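[1] fold the following for me, if possible:
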Amino acid sequence: MSAAPAGFEPLEGIGPFAELIGPLLARGEGEERVLGLRIDERHLNAGGKAMGGLLATLVDFAIGRAVHAALDDDGGAVTVSLTTDFLGPAEPGEFVEAHTEVERLGGRLAFADCSLRVGDREVVRGRAVFAVL
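    Okay, the predicted model is just below:
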């Protein structure tokens, strides 16, 4: 497995489910944080591409982390709605980056977008609504 791109470090404290798909890596801090995952053999579907469910999980996880970083308190947030548009495949060995943007953070709901990219190529576009706890 090739090394992560410059600036990416292991992401700690991600929870047991995310540990199953990792290692997840991160670059930057707070709302500017970019998450990353190297696609390996265990992430593939029968067609040899990254499984859609894996990519949707990465979108959900990345948006959740971004919403949490945008909150002023530690109350947290949970997914209410998640939509994903699969725009292209992620291949074995490719490094997928999750770029997020929290568009609106209200008292009860947060709205955010996520773009999963391999280099300059967008492979998934996701949008989520989170309930602020």
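
[2] so where do the helices sit in this structure?
    Secondary structure of the chain (DSSP state H): helices located at 16-21, 52-70.

[3] just these: most buried one?
    A comparison of these by mean neighbour count, using mean count of other CB atoms under 10 Å, puts helix 52-70 on top with a mean of 21. Yep, even glycine has a C-beta here, placed from its N, CA and C like the rest.

[4] chain center to it, what's the gap?
    Centroid separation between helix 52-70 and its chain, computed with CA atoms, centre = their mean, to the nearest Å, is 4 Å.

[5] on that earlier part again, mean pLDDT lowest where, among the helices of the chain?
    Lowest mean pLDDT of these: helix 16-21, a mean of 90.

[6] helices and strands around that helix, which ones?
    With contacts defined as 3 or more CB pairs under 8 Å, 6 or more residues apart in numbering; DSSP states H and E, the packing partners of helix 16-21 are helix 52-70.

[7] from the chain's centre, how far out does the lowest-mean-pLDDT helix or strand in the chain sit?
    Using mean pLDDT, DSSP states H and E, the weakest-scoring helix or strand in the chain turns out to be helix 16-21, at a mean of 90. Centre-to-centre, helix 16-21 and its host chain are 13 Å apart (CA atoms, centre = their mean).

[8] likewise stretch 13-22?
    Chain-centre distance of stretch 13-22: 12 Å, with CA atoms, centre = their mean.
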